[in-house]
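In: need coordinates for the below:
(2 chains)
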Amino acid sequence: MVSKGKSGERRWGEVTRRDFVKFCTGVAATMGLPMSVVPKMAKAVTSPQRPPVIWLSGQECTGCVESLLRTNHPTIDNLIFDLISLEYSETLNAGAGHQAEHHREKSIEANKGKFVLVVDGAIPVKDGGVYCQIAGKPVLDILKETAPLAGAVIAIGSCASWGGVAAASPNPTGATPVHKILEEHGISVVNIPGCPPNPYNFLSTVIHFLTFGKLPALDAKGRPLFAYDRRIHENCERRPHFDAGRFAEQFGDESHRKGYCLYKLGCKGPETFNNCSTLHFGDVSSTGCWPVATGAPCFGCSEENVGFSSPLFSKARVSFPTPPRQFTEAVPEKGGGAKSFAYGVAGVAVGATAVALANLRGKDEE
Amino acid sequence: MESNPAIKTWTPATIVMMLLIIFGVGVGVYRMINGLGATTNLNDVYPWGFWLGLDVLGGVAMAAGGFIIACAVYLFNWKKYRPIVRPAILTAFLGYLMAVLALFLDIGHPFRLWHPSIMWQYHSVMWVVAMHVIFYTTTLGLEFSPMLFERLGWEKARRAVGKIMIGAVIFGVMLSTLHQSSLGAVFLIAPSKMSSLWWDTKLPFHFLVSAVAMGLSMVSFETALSQKFLHHKVDKEIYFGLARGVMIVLGFYLCLKLYQLFAVASPGMAFDGSVEGNMYLLEMLVGVILPLCILAVKKYRQNTRVIFSVNVLVIVGVLLNRMNVCLFSMESYNTWRGMSYSPSWKEFVVSLGVVSIGVFLYKMSAKHLPLFTH
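Out: A predicted model of the protein is given here:
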């Protein structure tokens, strides 16, 4: 697709080279990678062997796809035509019906072990998974057939990552997150939770995979650390209000209008790991396009057991809300840790207890 | 009267105690010359360590038996407990002397120990504690003095003390209730450091009630030991009465702690696998729940061997509680601040020495003073 534009600049599709390198630089910065990887990234992304992507949808609202459609760096058409080879997606398929299904099967066969499988939406497992069927086949079966052949599996959105709204109590269809279904097959899954997640968290993960042939560093819950290693609270623009004790008490009150902290309105920022407070939505990252900036408390959409699970207006658990009076010394003083001492004391106590209890069995002394 | 010939001065146990005392005194002198930093592992975040937790908080709680038995015998005239009133008072007196000794080594400027008695800072709980220790140790000395006067044959002095004994006991009971609880009140200053499994505005009451349970157990425990090793024969009914007392007080204590767990902390905190949670569970299991379960059975309540075991459990449990309050309840806060603490060997040696001095003095009193005459 490389051609010369009117100004003589090299172009990929509708993207100028300058824009494209800017995009790669942005992705590298999002993941905290050095600038030296940018050319490598550009090469990987523009290689004629574009990575095939199969996009499966379970119980979903298309919100994740919609948010991906709204990206400008690159635009979705550049993404799916030039950067990746989107082989199958129910929302974006050109073909329909048997034609689309046939193409999916053909593509899986041709790209065994190389394609990226993206799943959005939870997977219903109750009653054999009949509550979500595609082409007359439960999506549960489709996932189980497809995942073992994929090079990498990415679960996008909270439904695919934790079950999300589909799995909210009482969960009538047995909606289950993708990683739970695949863990018994020994397949690891990258989770990009959020409702929807920031599309750049997803794009950066995909491009990391393209560039280095492996997935970015993940946390214990399978989330990429570059996006999900800090709590929203830690970088929140309203944090100074929290620290100073200035809170909105009710929706629309004076404090709310002044932009005070939303903690008392039920903001779940203190317990939700995500980068919303540093990487805003809608490609307007410096203008405050994210829930807290607009006055809506974070409801913890991307955190397991918080979003769709804990009450909307209940207060979040905050660890260490106040700064310490004294700060830690750079080099801790001597001593081997009170923990070991505590368990030493506990051991002595357990020993004494055991001796005392053993003594119970004897006869009464005269 | 003469010394008790049935008690030998030099036994293997006494020799071990003497060695411990010599080592302890040696390290104590080292501490006086080189200071706390050279001797202990204490730091700015853990200013109160093993000495405070075990020797002072634990020792004072152990001494609670003194005021309870004195109150029962001299004020309520419960004659049944007369045989153990002198040992109980002696234990309390020695316990307080040991606590003062440990305190002397533990404060930054030992030779300013007397300052609170002259320079009153009556807004400070620490001042209250210091004054209580001074007054109550003096009172215990007075309650103890008849034994000494009898031995020396000073009849006049003996009778003079006898006249004010009731007043001294009343004063001692008042001081003790205040003192046991004010040791708990000292920790009210640290709500953000301590885990709320322990911290509560009712901490002083917890300290008082647990000290009463501990005191009763300690009296029963040491009476049993005296019976075995120092040939002090007492009626079994005394053990049964003390065990009933332990059961009633522990039952009340359990209610206080459960209220604390549900109303102030939350039950989940005890089961979250943290150091605090684990230590809390151990403390409650060993010191409260197990003893209550055993004492609830009447057959066990009337078996001196079982009662002895229960006493060990209660003593260990309340000592654990004091160590927890003093040290381990602050584990997560202090660890978060990058600090750690475990006692140095010198701290252990001094603690062992202090305890040995107490036990040795008790034995010598049993030999040379009319301790077991009733």
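In: where does the residue positioned nearest the centre of chain B land on pLDDT?
Out: For chain B, the residue sitting closest to the mean C-alpha position, by Cα atoms, centre = their mean, is residue B:62 at 2.4 Å. Per-residue confidence at residue B:62 stands at 90 (pLDDT).
In: for the stretch 101-250 of chain B, which residue gets nearest to chain A?
Out: The minimum distance from the stretch 101-250 of chain B to chain A, using Cβ to the nearest Cβ, falls at residue B:192 (7.3 Å). All C-beta spots, glycine's among them, are computed from the backbone N, C-alpha and C.
In: how many neighbours does that residue have?
Out: Residues near residue B:192, counting by other Cβ atoms under 10 Å in any protein chain shown, number 12.
In: can you tell me the SS state at it?
Out: For residue B:192, the secondary structure call by DSSP: H, G, I helix; E, B strand; the rest coil comes out as coil.
In: could you check the pLDDT of it?
Out: At residue B:192, the pLDDT value in this model is 81.
In: what's the distance between it and residue B:266?
Out: Residue B:192 sits 17 Å away from residue B:266, taking Cβ to Cβ, to the nearest Å as the criterion.
In: so what's the residue of chain B positioned farthest from its centre up against?
Out: Note on chain B: the largest separation between a C-alpha and the mean C-alpha position, by Cα atoms, centre = their mean, falls on residue B:156 (33.0 Å). For residue B:156, no residue meets the contact criterion (Cβ atoms under 8 Å, 6 or more residues apart in numbering or on different chains).
In: now it: which helix or strand?
Out: Under the assignment given by DSSP states H and E, the secondary-structure element containing residue B:156 is helix B:155-185.
In: what stretches of chain A score poorly on pLDDT?
Out: Per-residue confidence of chain A (counting by pLDDT under 70) places the weak regions at A:1-15, A:31-32, A:43-49, A:284-287, A:319-337, A:362-366.
In: number of residues surrounding residue A:278?
Out: Residue A:278 has 16 neighbouring residues, counting by other Cβ under 10 Å.
In: how close does it sit to chain B?
Out: Relative to chain B, residue A:278 is positioned 24 Å away (criterion: Cβ to the nearest Cβ, to the nearest Å).
In: so that residue, which of the three states?
Out: coil.
In: quick one, phi psi at the residue nearest to the centre of chain B?
Out: Taking degrees, to the nearest 10, you get phi -60, psi -30 for the backbone angles of residue B:62.
In: equivalent analysis for residue B:215, please.
Out: Note on residue B:215: its backbone torsions stand at phi -60, psi -50 [degrees, to the nearest 10].
In: try residue A:156
Out: Dihedral angles phi and psi of residue A:156 (degrees, to the nearest 10) take the values phi -100, psi 130.
In: does it touch residue A:119 like I think?
Out: Yes - using Cβ atoms under 8 Å, residue A:156 is in contact with residue A:119, at 7.1 Å.
In: comparing the two, which residue is more hemmed in?
Out: Neighbour comparison, residue A:156 and residue A:119: the larger count goes to residue A:119, with 33 against 30 (by other Cβ under 10 Å).
In: kindly report the residues of the stretch 151-300 of chain B close to chain A.
Out: Counting by Cβ under 8 Å from any Cβ of the partner chain, the residues of the stretch 151-300 of chain B close to chain A are B:192, B:275, B:278, B:279, B:282, B:286, B:290, B:294, B:300.
In: so residue B:139 belongs to a strand, correct?
Out: No - with three-state DSSP as the criterion, residue B:139 is assigned helix and is not in a strand.
In: per-residue pLDDT of it, please?
Out: Per-residue confidence at residue B:139 stands at 93 (pLDDT).
In: can you tell me the number of residues neighbouring it?
Out: Taking other Cβ under 10 Å as the criterion, the count of residues near residue B:139 is 26.
In: next up, the contacts around the closest residue in space to it that isn't next to it in sequence.
Out: Closest residue in space to residue B:139, ignoring its immediate chain neighbours: residue B:172 at 4.5 Å, by Cβ to Cβ, 6 or more residues apart in numbering or on different chains. Contacts here follow Cβ under 8 Å, 6+ apart; on that basis residue B:172 touches B:66, B:67, B:70, B:136, B:139, B:140, B:143.
In: just to check, the second one is in contact with residue B:173?
Out: Yes - look at residue B:67 against residue B:173 with Cβ under 8 Å: they come within range, at 5.1 Å.
In: mind checking which of these two has more residues around it?
Out: Under the neighbour definition other Cβ under 10 Å, residue B:67 and residue B:173 were set side by side, and residue B:67 has more, 28 against 18.
In: which residues are in contact with the closest residue to that one other than its chain neighbours?
Out: Of all residues not flanking residue B:67 in the chain, residue B:176 sits nearest, at 3.8 Å (Cβ to Cβ, 6+ apart). By Cβ under 8 Å, 6+ apart, the contact list for residue B:176 reads B:64, B:66, B:67, B:136.
In: could you save the residues you listed as CSV and add columns showing secondary structure?
Out: Shown next, in CSV, are these (three-state DSSP):
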residue, secondary structure
B:64, helix
B:66, helix
B:67, helix
B:136, helix
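In: and the residues of the stretch 151-300 of chain B next to chain A as TSV, adding secondary structure and distance to residue B:348?
Out: Rendered in TSV, the data for these read as follows (DSSP: H, G, I helix; E, B strand; the rest coil; distance: Cβ to Cβ, whole Å):
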residue	secondary structure	distance to residue B:348
B:192	coil	30
B:275	helix	20
B:278	helix	23
B:279	helix	19
B:282	helix	21
B:286	helix	21
B:290	helix	27
B:294	helix	31
B:300	helix	35
